[in-house]
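A.B. asks: output the structure for:
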Amino acid sequence: MSEFNYAKYLNPNIAEAEYTHNRAAEDLTYAVERAQETCKHEFVVYDEYQRLEYLRSLPPIRMCLQCRLEEHAPDLWRDGDKAWYKGILNPTPDTMYIKMNRDKIYRLRVEGSKIVNHQRDDD
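C.D. replies: Model prediction:
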């Protein structure tokens, strides 16, 4: 018995839009990867450690606005020190930090961007 050929029944407008969407997602991923390779991370948004009473606490988070690289860290970042623990988004003298609500940071995420979750280093 031959396999059912469903392709001839697909709506061509939907199929074309789906192809365009997938191609755009690939282009976006490629652009993000290239930007993250060379970015100097000069504009960084962040939110501090948040202790929650009934849920697991939220670690500090920061994201570069230029390349969308995002970092989460163990709770030892919580003291507000901008020169945070061995992170990828290491500050330079020119780095501008802007405090931003965590939900707004989440909305800045783009598909294909890297999210780095640091673990506690007890050295």
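
A.B. asks: all helices for this structure, in order.
C.D. replies: 12-38, 102-107 (DSSP state H).

A.B. asks: okay if I get the ones you listed as JSON lines plus mean pLDDT and mean neighbour count?
C.D. replies: Placement of C-beta: from N, CA and C, glycine included. Formatted as JSON lines, those follow (pLDDT from 0 to 100; neighbours: other C-beta atoms under 10 Å):
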{"stretch": "helix 12-38", "mean pLDDT": "92", "mean neighbour count": "11"}
{"stretch": "helix 102-107", "mean pLDDT": "93", "mean neighbour count": "12"}
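
A.B. asks: and of the ones you listed, who's closest to K114?
C.D. replies: Smallest distance to K114 across these (C-beta to C-beta): 6.0 Å, for helix 12-38.

A.B. asks: need the helices of the chain in JSON lines with distance to R56, can you?
C.D. replies: Formatted as JSON lines, those follow (distance: least, C-beta to C-beta, whole Å):
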{"stretch": "helix 12-38", "distance to R56": "28"}
{"stretch": "helix 102-107", "distance to R56": "14"}
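
A.B. asks: the closest residue to R62 other than its chain neighbours bridge partners, please.
C.D. replies: Sequence neighbours aside, Y46 is the residue nearest to R62 in space, at 3.8 Å (criterion: C-beta to C-beta, 6 or more residues apart in numbering). Beta-bridge partners recorded for Y46 (DSSP bridges): R62, K99.

A.B. asks: residues near Y46, how many?
C.D. replies: Close neighbours of Y46, defined as other C-beta atoms under 10 Å, add up to 20.

A.B. asks: same deal with H41?
C.D. replies: What H41 shows, counting by other C-beta under 10 Å, is a neighbour count of 22.

A.B. asks: and it, what pLDDT?
C.D. replies: According to the prediction, H41 has pLDDT 87.

A.B. asks: which residues touch the closest residue in space to it that isn't next to it in sequence?
C.D. replies: Of all residues not flanking H41 in the chain, C64 sits nearest, at 4.3 Å (C-beta to C-beta, 6+ apart). C64 sits next to 39, 41-44, 70, 89 when contact means C-beta atoms under 8 Å, 6 or more residues apart in numbering.

A.B. asks: also F43?
C.D. replies: Neighbouring residues of F43 by C-beta under 8 Å, 6+ apart: 64-66, 95-96, 98.
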